[in-house]
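Undergrad: sequence unknown, structure follows:
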């Protein structure tokens, strides 16, 4: 059995392809059901964000799982395998655990150390648990990953200052415009990213009457707007908001453009030449890329946000080594715990074999012991159990103590051969 991860992310894959391979939250349960039905997949967790789409599986065979997951991605995302083969990365066993720990710690994010990925990893795991596709192995590794991510942010400075993609989007807009104070801000999308951008924008704007929020789910928009003192608008009012806004932040999970070229052309005419900044961090993109061709309209996408954050990351990079130390110690601890857990069935089989022999021998001598009174029969029973227990104690403890080492593997092999386990 192998722990395997296959994926594409912002480092390996062009934005135009990455957005085609993004799986919306609404489709994740269906995707997990598809994965669970594959030949070699025993457990599965799907992590799909604006920066990555990754499939974690516990599988019978690495190569079989690789084929299963690659076929799943191609079929579910409707992308030909040859289109993403060169961008796909795969890790197994220790390297897969190391990768997940790095992801949860923010080392693999567009914004180094960003905190949103911690919640996204937890959400991916929770959904897999709800759908019944996360079992003992993936539960253990994801639980460990979240603990590593928490330690990375509390024990190092990896998460200080610009803390997320949504925060970076707002800071980038501030730099482009000079300030957001006095600007009319419109946030389209009320999910995790939209929530983050609304929070950052509300702080930057100051005048909450200048903050508007829209979402495909009205309750989310109204709750978010109420929380930050802004106002909620319906989707059929989006065009009017585009006419009056100075800056728009968008991050919906829609599978088609929320702001189209024709619509934006009409808006530009009504704006009378006033400039408009659109910051689109949705995956797939919410804004038609052709919108950037309209005079007076500036569009910044995830690539622009990532490029900006790369310039700001000097102080965080100094913390990477400290985070890697946390990850390495967690890896060693996880491997030790896993080895001990894997040794448990062997130890149970060993003790079970001894108990079978004890029972057989007690039955064989039952006739000779029949003349003993109950107290003496119990004494014989206790004597035999005590002798067996003492004989089993030392090899059992040695196997436990050496479970995560080459010596442990040799001992386990010898035990299986000696006792035919």
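TA: Perfect, I can see it now. It should be emphasised that the depicted structure is a prediction, and the values quoted were computed from it without experimental measurement.

Undergrad: residue 54 versus the nearest residue to residue 14 once chain neighbours are set aside, what's the distance?
TA: In space, and not counting its chain neighbours, residue 14 is closest to residue 87: 7.8 Å by C-beta to C-beta, 6 or more residues apart in numbering. Where you see a C-beta, it was placed from the backbone N, CA and C, and this is true even at glycine. For residue 87, the distance to residue 54 equals 13 Å [C-beta to C-beta, to the nearest Å].

Undergrad: list of residues touching stretch 411-420?
TA: 343, 346, 350, 353, 395, 398-399, 402, 421 (C-beta atoms under 8 Å, 6 or more residues apart in numbering).

Undergrad: which among those residues end up buried?
TA: Buried members of the contacts of stretch 411-420, scored by 16 or more other C-beta atoms under 10 Å, are 343, 346, 350, 395, 399, 402.

Undergrad: now for these: which two are most distant?
TA: The span of the buried ones among the contacts of stretch 411-420, defined through C-beta to C-beta, is set by 350 and 402 at 14.3 Å.

Undergrad: I'd guessed the residue nearest to residue 14 sits against residue 13; true?
TA: Yes: when contacts are counted by C-beta atoms under 8 Å, residue 87 is listed as touching residue 13 (4.2 Å).

Undergrad: hang on, the earlier thing: between the contacts of stretch 411-420, which is closest to residue 239?
TA: residue 343 (64.2 Å).

Undergrad: need the per-residue pLDDT for that closest one.
TA: Predicted confidence (pLDDT) for residue 343: 65.

Undergrad: one more: residue 101?
TA: pLDDT, residue 101: 97.

Undergrad: returning to what we had before: redo the buried ones among the contacts of stretch 411-420 as CSV? Include secondary structure and distance to residue 101.
TA: As requested, the buried ones among the contacts of stretch 411-420 are exported to CSV (DSSP: H, G, I helix; E, B strand; the rest coil; distance: C-beta to C-beta, whole Å):
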residue, secondary structure, distance to residue 101
343, helix, 23
346, helix, 27
350, helix, 33
395, helix, 34
399, helix, 27
402, coil, 25
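
Undergrad: same drill for residue 87 and residue 54, tell me which one is more crowded.
TA: Counted by other C-beta atoms under 10 Å, residue 87 and residue 54 do not tie: residue 54 has more neighbours, with 24 against 16.

Undergrad: contacting residues around the more buried one?
TA: Taking C-beta under 8 Å, 6+ apart as the criterion, residue 54 is in contact with 5-9, 46-48, 103.

Undergrad: quickly find the element holding it.
TA: Here residue 54, judged by DSSP states H and E, is contained in strand 52-59.

Undergrad: where does the stretch 201-350 of the chain dip in pLDDT?
TA: Along the stretch 201-350 of the chain, segments meeting pLDDT under 70 span 207-209, 312-315, 339-343.

Undergrad: tell me, how many neighbours does residue 270 end up with?
TA: 12.

Undergrad: quick one: it and residue 70, what's the gap?
TA: Residue 270 sits 48 Å away from residue 70, going by C-beta to C-beta.
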